[in-house]
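K.L.:
below is the structure, and that's it, no one-letter string:
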């Protein structure tokens with residue numbers, strides 16, 4: 001995805017990318033969405049269980065950073081039938097007003 005849309009990439013660390021969602025949500029939890037990004041591992045993974053130690057640290061460092069910036073996060077379980085892409089990705093969603 002980022003190879004085709006390099007302008008989507010917001011930031012990277014050693015093992016993760018944060019990208020702008022090209023299909024952003026308009027509403028989340030009853031609030032208008034101001035920004036919708038995603039954390040995507042650079043390595044193709046299907047679940048959090050597949051993380052090595054560095055990936056786990058990089059992932060949670062990003063979650064802490066975005067939580068402090070008033071983003072909520074959401075990721076579907078590998079078994080969730082509504083999951084459209086079998087590559088772990090975590091939505092970072094910031095409502096209007098934050």
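P.N.:
Good, I have the coordinates. Quick caveat: nothing in here was measured; it's all calculated off a predicted structure.
K.L.:
so where do the helices sit in the protein?
P.N.:
53-68 (DSSP state H).
K.L.:
need the contact list for residue 34.
P.N.:
Taking CB atoms under 8 Å, 6 or more residues apart in numbering, we find residue 34 in contact with 94-98. Every residue, glycine included, has its C-beta placed from N, CA and C.
K.L.:
greatest separation within these: which pair is it?
P.N.:
Pairwise distances across the contacts of residue 34 (CB to CB) peak at 9.3 Å, for the pair 94 and 97.
K.L.:
who has more neighbours out of the two?
P.N.:
For residue 94 versus residue 97, the count of surrounding residues by other CB atoms under 10 Å is larger for residue 94: 18 against 8.
K.L.:
so how far is residue 5 from residue 65?
P.N.:
Applying CB to CB, to the nearest Å, the value for residue 65 to residue 5 is 22 Å.
K.L.:
how about residue 68?
P.N.:
27 Å.
K.L.:
of the two, which one has the most company?
P.N.:
Neighbours per residue (other CB under 10 Å) separate residue 68 from residue 5, with residue 5 holding more: 11 against 8.
K.L.:
so that one sits against residue 21, correct?
P.N.:
No. Look at residue 5 against residue 21 with CB atoms under 8 Å: they stay out of range, at 10.9 Å.
K.L.:
strands of the protein, residue ranges please.
P.N.:
9-12, 16-20, 27-28, 31-41, 72-74, 90-95 (DSSP state E).
K.L.:
which residues touch the helix or strand of the chain with the lowest mean pLDDT?
P.N.:
Every helix and strand of the chain was ranked by mean pLDDT, DSSP states H and E. The lowest is strand 27-28, at a mean of 88. Strand 27-28 is contacted by residues 33, 72, 93, 95 when judged by CB under 8 Å, 6+ apart.
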